[in-house]
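# this one's sequence-less:
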Ligand code: KG4
Ligand code: ZN
């Protein structure tokens with residue numbers, strides 16, 4: 001069975017092809033076309049530009065992913081007329097996307113239907129204009145190639161990224177469904193979400209027809225305001241660091257660590273005792289002690305802004321200040337995420353703890369999570385996807401698709417506020 005998956009939930013256009021044979025997963029391709037350069041000058045994702053980029057990228061990324069999977073085959077002459085008959089309806093499906101339609105029409109005229117069994121597409125949560133690009137693209141392909149579509153929840157994709165193969169393993173990997181022992185929890189930390197999701201087993205009969213999944217999800221805690229990734233992005237912006245903020249902050253914080261490691265003074269270039277003292281930064285750890293599993297990161301962002309504003313200009317543009325602040329931001333976020341997750345793990349006596357979402361690619365978070373779980377919840381097993389499967393990608397959508405139910409292309413629509 002081969003699944004072609006599409007994700008356009010935010011600012012990355014991603015397509016992947018996953019092969020499943022005897023319950024083993026093999027990623028034939030996982031292409032991510034990043035729009036970071038386009039959005040960087042705005043300091044965040046600009047939805048209308050993201051939509052335009054998806055329209056530009058989807059067909060080239062489809063071609064690339066089929067090529068990489070060795071599934072791209074040109075048509076022979078008499079196959080061409082068949083497509084023309086179908087094109088009228090196709091135009092209707094893509095009626096609002098003329099540029100997009102033209103690109104797809106050309107592609108479909110040139111290439112044969114690939115050996116794909118089913119399509120999977122992210123229907124939500126995400127940015128409405130972006131989601132619709134992937135959804136309409138899937139609908140168009142579903143119609144022309146006569147394939148069913150599996151609608152996928154992006155958050156479930158981030159969770160089930162934990163079932164994807166590890167980077168180093170070269171070929172087929174066992175379907176690692178058995179890797180998850182129930183009850184399990186997953187901390188999803190992305191640009192739009194911070195959620196703690198509890199996973200418990202269900203009897204197959206209680207699931208809707210055709211789904212392979214035999215567990216259910218329940219959100220036990222989530223952010224009341226900004227998501228963790230959003231906090232990285234917004235505080236980076238305050239410090240004048242480029243978008244996306246997570247990698248920028250991480251990079252700054254890591255530089256500070258390097259200096260300390262080498263045995264040099266943390267503030268070597270400044271060499272001024274008074275400034276060293278003044279640079280001590282203490283940020284709050286919001287909701288660390290609250291009894292629930294909710295999070296809040298907007299206060300942290302405000303604390304960064306206040307600290308930044310109260311510093312003399314000379315200090316706040318200094319490399320030392322930026323690095324010190326970056327390190328404290330990162331640590332404040334990590335402290336809250338780890339503490340709450342471990343508390344939930346203990347209270348629900350989970351057997352597996354999982355991470356997912358772009359922020360889970362953060363090296364320090366991964367390292368500290370491993371240490372703390374070993375120390376405080378040694379009975380739980382920790383799973384963290386490879387960094388490439390933490391940030392948005394379609395391979396995770398293919399895996400989530402595998403466990404869910406197929407539908408006709410006619411029934412697929414975007415749902416920007418979908419909840420797990
Ligand atoms: O999951 P994702 O790729 O997209 C969404 O579904 O939102 O997550 C993107 C978020 C951004 O906020 C980005 O700053 C953050 O993940 N991020 C990181 C790192 N890499 C990406 N945050 C912290 N450390 C990182 N290394
Ligand atoms: Zn995501």
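In hand now; what should we look at? Just so it is clear, the structure is predicted and the values come from calculations on it, not from any experiment. Numbers count the residues shown, from 1 in each chain. Ligands and ions are numbered 1, 2, ... in the order given.
# which intervals of the stretch 51-200 of the chain have sub-threshold pLDDT?
Where the stretch 51-200 of the chain drops to pLDDT under 70, the residues are 78-85, 166-177.
# so where do the helices sit in it?
Per DSSP state H, counting those that start in this stretch, the stretch 51-200 of the chain carries helices over the ranges 80-93, 98-110, 128-145, 154-160.
# Mind naming the longest helix for this structure?
helix 319-347 (DSSP state H).
# Over that helix, what's the mean pLDDT, rounded is fine.
Averaged across helix 319-347, the pLDDT comes to 96.
# how about the residues of the stretch 151-300 of the chain near ligand 2?
Within reach of ligand 2 by C-beta under 5 Å from the ion, the stretch 151-300 of the chain has these residues: residue 190. C-beta coordinates here come from the backbone N, C-alpha and C atoms, glycine included.
# Please enumerate the strands of the stretch 151-300 of the chain.
Ranges of strands in the stretch 151-300 of the chain, per DSSP state E, counting those that start in this stretch, are 173-174, 184-189, 194-201, 215-222.
# follow-up on the earlier one: the longest helix of the chain packs against which elements?
strand 184-189, strand 194-201, strand 215-222, helix 228-238, helix 245-261, helix 298-310, helix 363-376 (3 or more C-beta pairs under 8 Å, 6 or more residues apart in numbering; DSSP states H and E).
# JSON lines for the ones you listed, including distance to residue 418 and mean neighbour count?
Shown next, in JSON lines, are the helices and strands packed on helix 319-347 (distance: least, C-beta to C-beta, whole Å; neighbours: other C-beta atoms under 10 Å):
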{"stretch": "strand 184-189", "distance to residue 418": "14", "mean neighbour count": "29"}
{"stretch": "strand 194-201", "distance to residue 418": "13", "mean neighbour count": "22"}
{"stretch": "strand 215-222", "distance to residue 418": "12", "mean neighbour count": "16"}
{"stretch": "helix 228-238", "distance to residue 418": "18", "mean neighbour count": "25"}
{"stretch": "helix 245-261", "distance to residue 418": "24", "mean neighbour count": "18"}
{"stretch": "helix 298-310", "distance to residue 418": "23", "mean neighbour count": "16"}
{"stretch": "helix 363-376", "distance to residue 418": "26", "mean neighbour count": "15"}
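# List the residues that contact the nearest residue to residue 129 once chain neighbours are set aside.
For residue 129, ignoring the flanking residues on the chain, the nearest one in space by C-beta to C-beta, 6 or more residues apart in numbering is residue 51 at 4.0 Å. Applying C-beta atoms under 8 Å, 6 or more residues apart in numbering to residue 51 gives the contacts 129-130, 132-133.
# repeat that with 10 Å
Applying C-beta atoms under 10 Å, 6 or more residues apart in numbering to residue 51 gives the contacts 8, 97, 100, 127-133.
# Ligand 1 contacts on this structure?
The chain comes close to ligand 1 at residues 10, 190-192, 229, 232-233, 244-247, 250, 357-359, 361-362, 391-392, as judged by C-beta under 6 Å from any ligand atom.
# how about 5 Å then?
Selection of the chain residues close to ligand 1 by C-beta under 5 Å from any ligand atom yields 190-192, 229, 232-233, 244-247, 250, 357-359, 361-362, 391-392.
# quick one: residue 147 from residue 112, how far?
Distance of residue 147 to residue 112, given as C-beta to C-beta, to the nearest Å: 14 Å.
# Compare these two and say which is more crowded by neighbours.
Applying other C-beta atoms under 10 Å to residue 147 and residue 112 shows that residue 147 carries more neighbours, namely 19 against 15.
# Hmm, residue 121 and that one touching each other?
No: using C-beta atoms under 10 Å, residue 147 makes no contact with residue 121, being 11.3 Å away.
# Any chance you could list residues touching both of those two?
Common neighbours of residue 147 and residue 121, counting by C-beta under 10 Å, 6+ apart, are 4, 138, 141, 409.
# Counting neighbours, what do you get for the residue nearest to the third one when sequence neighbours are not counted?
Sequence neighbours aside, residue 119 is the residue nearest to residue 141 in space, at 6.0 Å (criterion: C-beta to C-beta, 6+ apart). The number of residues packed around residue 119, counting by other C-beta under 10 Å, is 25.
# contacting residues for the closest residue to ligand 1 within the stretch 101-250 of the chain?
Going by C-beta to the nearest ligand atom, ligand 1 is nearest to residue 246 of the stretch 101-250 of the chain, at 2.0 Å. By C-beta under 10 Å, 6+ apart, the contact set of residue 246 is 189-191, 228-233, 236, 330, 333, 358-359, 361-362, 365, 391.
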